[in-house]
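Participant: structure, please.
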Amino acid sequence: MSVDETIAIPLRTSTQYRSATELDLSWMSRRWLFNIPRSGQVQGIRPLGRLALCDHRHAVQEQIQERLLQVSSENAVRNATSRCEFPFCSDGIDVYVVASTTGGTSSGAVADVGLMVRNIAKSTSIPNVDIHGVLLHGTGAIRSATDVQDANTVSTLKELKHLGTPGMGTPRGFDQDPNDRDAAPFDHSYFVHVGDSLNDLTVARKAAEVAGYLFLATTTSASFDFRAWRTATPIDKCQPGRLRLLGYSAQHADTYKAAFGESRSLCTLLLRKWCGAVGHSVPEQNQQIPVELTDTETLLTELNLTERTLPEHVLTVLRGDCGHQLEALAADINSRLTGLLSPATVTHRQTTDFLQEQLSRKDDTHEDRPTLHAIVSSLRTTLDTASGNAQRTIVTHLQDILNSPHRLEGARAAGHFATCVLQRTQAGCRSLLTEIEEAFASLANEAKADATFDAGNGSVADAVQAFTKQYCVLLAYQAIYHCFLQHLEAVSACLQQFLKSQNVVQLNLESVASEISTTMVLSSAVPQPIIDAFDRHLRSSDALLVSSLASGDITVDDFSTRIVREATHFLMNASDKVDGPLHDTDRKTSRFPEGAWPLTRGSGGERRVLSLVPEGIDQNEWQEKLQQSFAECVVVRPEKVESISVVCEISQVSIDAVMAQLTHNNPHVTDVASRIHTRTDVDW
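Facilitator: Reported below is the predicted structural model:
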């Protein structure tokens, strides 16, 4: 727009407004009048935004009226048809009021501007004027300001919902004509979430995207599609609490075709690198397989699966409830033994036979008496649970390595390392078990079978009790170590299964590499630094891609589609001449064509997608690509343009649902929004 097409609406001072008898400011809280910034700017305060418009409303009305009369003339229609090479509809005019709802000026004035357009069209007898409110929401990086920006938008939406509801009896506009009490500011309201943590560069990009949508909606054949969408669901007028969510994404056709063509070669070489067929660049070679192995060793230590930590864990178990139960069991059996046989006359054979009979029992007639079988079964159940958790934890860790710089190589190295650690742990466990078995055999054979017990330095009863306890404990320890060995074997088997699965993953990656490349690709086709950069891009944009394939969460076809799409995005972003960093939100919305998804989706509604493509592009092929991202609701139109444009509109979305997303369940935002309404004469 030229300077002549803009109007400045600065604020006056508080003193000037308090003495301005020509202005009716009864709608405004006096506290805002006493807090007008000395800069004369609104500074994010919504009531001051409406005050600025109120002060300059006559100049604004004149400008709007001049523009409406200009575009509704027959000469303007002829000129527009000649320039755009298709007939404009002469049965109506679409007026777009674009406003940022996060600031104070636009959010405070947008509803009244819409009502101005409606009143001017009525007073000048311009028929069939459809007024579209395009509401832009975006926040900065400062949290304190972000809450206020969210609150401004919430307050604006609440007011538009109220003003758009017939029968509320609320005076509209500054003139408050009683005949306009049911007039809504807009016939159709669009909500565009341009992102969070925005910087100046990102704001400029988003503004360009909105301008791109307005260009399509007003100067191309897409206007007929958009009008058909509104005709198909004229819900805005009969259901005022509804919005149309809007998303837009565009890319130069030549850039997209070049990126898509080269993406397959790039993917092929990257997949070969993962499979070991292409070497790493020097920086990639120097990255941390040892660190990955250290992480694996730390994990095995935490899971008590190393040669040092497993015996310590066994001792901890034996010193806990399990050990106390074993001591109670030995004492109970000894009590039963001495109750049946005299310690002075009982022989070793009689004692061992009695112990074998008692310890082999699975059940006891007395429920409060533990059995060795019950104690070991309880431990085995606990270890089974621990084994399952350990297996899942280790597999998750190894799959995470698939998403690291070393991919398959790192996962395999970590898997083999873990296998070796477990083998050493199993060997140590078997060695301890052998020592226990030898001690048990020595105990059982240390005296003649028919000999009685030697009292030694104590009583015969003490000797019998000591023998009974040793026998019970050594036999129990053998069963317990067998349980731990089974635990280690289960984890080892899981590791072996994972390592075997990596062979399948490699075969799948090699299959994808051969299928997506239509020609023979040499390793020199793409410079190695570009391949490495694409790998880094994948680790941030689709971090779980390889592990999802390995775990079976996605199919090989899905993997192929996703990696080619990511390569296309990577090459398109690399080709853009961009100054400054991309923020996370900007990365999401700059993706093509997925960037056309509205950021606030997920609140229901009906989705429609329109794509305008340059003449000469295969429409069916492009429609299939779009349907991968947007499902079946896609229409593709040829147009005399250089860029491919995609517009996604979701209609019939509740304003309340959008406000709930913006408040993030933060009561502070809701409270602030309730205190910054533009008018105090309305119960919002």
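
Participant: so residue 469 sits right up against residue 330, yeah?
Facilitator: Yes. Residue 469 is within contact range of residue 330, at 4.2 Å (criterion: CB atoms under 8 Å). For the C-beta atoms, the positions are set from N, CA and C on the backbone; glycine is no exception.

Participant: so these two - more neighbours on which side?
Facilitator: Taking other CB atoms under 10 Å, residue 469 and residue 330 do not tie; residue 330 has more neighbours (22 against 17).

Participant: I'd like to know how far that one sits from residue 467.
Facilitator: 10 Å (CB to CB, to the nearest Å).

Participant: give me the mean pLDDT for stretch 499-509.
Facilitator: For stretch 499-509, mean pLDDT rounds to 94.

Participant: list the buried ones in it?
Facilitator: Neighbour counts over stretch 499-509 (16 or more other CB atoms under 10 Å) mark 499, 501-502, 505-506, 508-509 as buried.

Participant: just the CA atoms of that stretch, as PDB, please.
Facilitator: Taking C-alpha atoms only, stretch 499-509 is exported to PDB below (Å, rounded to 0.1, in the frame of the first residue of the first chain):
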ATOM      1  CA  LEU A 499      20.500 -57.500  16.900                       C
ATOM      2  CA  LYS A 500      18.800 -59.900  14.500                       C
ATOM      3  CA  SER A 501      16.200 -57.300  13.800                       C
ATOM      4  CA  GLN A 502      18.800 -54.800  12.800                       C
ATOM      5  CA  ASN A 503      19.700 -57.100   9.900                       C
ATOM      6  CA  VAL A 504      16.100 -56.800   8.800                       C
ATOM      7  CA  VAL A 505      16.200 -53.000   9.200                       C
ATOM      8  CA  GLN A 506      19.300 -52.900   7.000                       C
ATOM      9  CA  LEU A 507      17.600 -54.900   4.400                       C
ATOM     10  CA  ASN A 508      14.600 -52.600   4.500                       C
ATOM     11  CA  LEU A 509      16.800 -49.500   4.200                       C
END
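
Participant: which residues does that stretch contact?
Facilitator: With contact meaning CB atoms under 8 Å, 6 or more residues apart in numbering, stretch 499-509 is reached by 271, 274-275, 402, 408, 411-412, 415-416, 419, 546, 549-550, 556, 559.

Participant: looking at the residues you listed, which are in helices?
Facilitator: Among the contacts of stretch 499-509, the members found in helices (DSSP state H) are 271, 274, 402, 408, 411-412, 415-416, 419, 546, 549-550, 556, 559.

Participant: report the buried members of those residues.
Facilitator: Buried members of the ones in helices among the contacts of stretch 499-509, counted by 16+ other CB under 10 Å: 271, 274, 402, 408, 411-412, 415, 419, 546, 549-550, 559.

Participant: low pLDDT regions in the stretch 251-400 of the chain?
Facilitator: By pLDDT under 70, the weakly predicted segments of the stretch 251-400 of the chain are 277-292, 364-368.

Participant: now with 80?
Facilitator: Applying pLDDT under 80 to the stretch 251-400 of the chain flags the ranges 277-293, 363-370.

Participant: what about the helices in it?
Facilitator: Secondary structure of the stretch 251-400 of the chain by DSSP state H, counting those that start in this stretch: the helices cover 253-274, 282-285, 289-302, 309-319, 321-340, 348-359, 372-402.
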